[in-house]
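**Q** Just the structure for this:
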Amino acid sequence: MKISLDLLHSGFLTEIDISGRYTLDSKFYQSTEILSLRDVTVEGKMVRRENSDFELEDYVIATIKGEMILPDSISLEPISYPFIIQYDDFLPENHEKNENTLDILDFLWENIVLEIPLQFTKVRDLSKFHGDGWRVISEEELQNGQNPFFDLLKDFEEE
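**A** Got it, this is the predicted structure:
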């Protein structure tokens, strides 16, 4: 979905409202950890501002909200991960300046992808995650020296 910037660039408008609800196709996140991405809500506008070189550039002030469904880092069950992005900056160079358009979906994705956590879990009880000779331990157990691998490390140090 492209937004025309012609009226903004010509000075006919002082700002363009980009507020709305946007749906990103699954092709955006198919190679990521995201299982699904619910509609993204944007409240914001585009204006023209002078940059540090005193040239007019496209500037965006927006709040981007949404919810991504991710696999839990421990249980692998789908869980909801809400996000809020405050964008207050010049547009990156990669928008189509020659065409005077902004692909709003590409712009949103470029910012949402930065919000994907490396790990996220809602599991509180780790006791049910165990097997033959292994178990999941918490960060607290690891920090308190209850790491079962410490015994193995001692064996290596003795050799």
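
**Q** mind listing the helices in this protein by residue range?
**A** Shown for the chain, the helices assigned by DSSP state H span residues 6-9, 104-112, 139-143, 149-158.

**Q** In the chain, where's the longest strand?
**A** strand 56-71 (DSSP state E).

**Q** how far does stretch 89-103 stretch from start to finish?
**A** Using CA to CA, to the nearest Å, the end-to-end distance of stretch 89-103 comes out at 16 Å.

**Q** which one is I34 nearest to, not counting chain neighbours?
**A** M68 (5.0 Å; CB to CB, 6 or more residues apart in numbering). Placement of C-beta: from N, CA and C, glycine included.

**Q** separation between the one you found and S10?
**A** Per CB to CB, to the nearest Å, M68 is found 37 Å from S10.

**Q** Can you tell me the centre-most residue of the protein?
**A** Centroid-nearest residue in the chain: E115, 2.1 Å away (criterion: CA atoms, centre = their mean).

**Q** Spell out which residues sit in contact with that residue, please.
**A** Contacts for E115 were tallied using CB atoms under 8 Å, 6 or more residues apart in numbering; they are M68, F83, I85.

**Q** Same check on M1?
**A** Y22, D103, I104, L105.

**Q** and of the residues you listed, the nearest to S31?
**A** When those are compared for distance to S31 (CB to CB), L105 wins out at 16.4 Å.

**Q** I'd like the distance between the closest one and V60.
**A** From L105 to V60 the distance is 14 Å (CB to CB).

**Q** hmm, back to that, just grab the bridge partners of the residue nearest to I34 for me.
**A** Using DSSP bridges, the beta-bridge partners of M68 come out as L37, Y81.

**Q** That one reaches D39, doesn't it?
**A** No: assessed by CB atoms under 8 Å, M68 is found out of contact with D39, at 11.4 Å.

**Q** Show me which of these two is the more surrounded one.
**A** More crowded of M68 and D39, by other CB atoms under 10 Å: M68, with 23 against 12.

**Q** so how far is V47 from that one?
**A** On the measure of CB to CB, M68 and V47 end up 29 Å apart.

**Q** can you list the domains in this protein?
**A** Using automatic domain parsing, the domain parsing of the chain gives 2-121, 124-159.

**Q** Out of these, which one sits most buried?
**A** domain 2-121 (a mean of 14; mean count of other CB atoms under 10 Å).

**Q** first to last residue in it, what's the distance?
**A** 36 Å.
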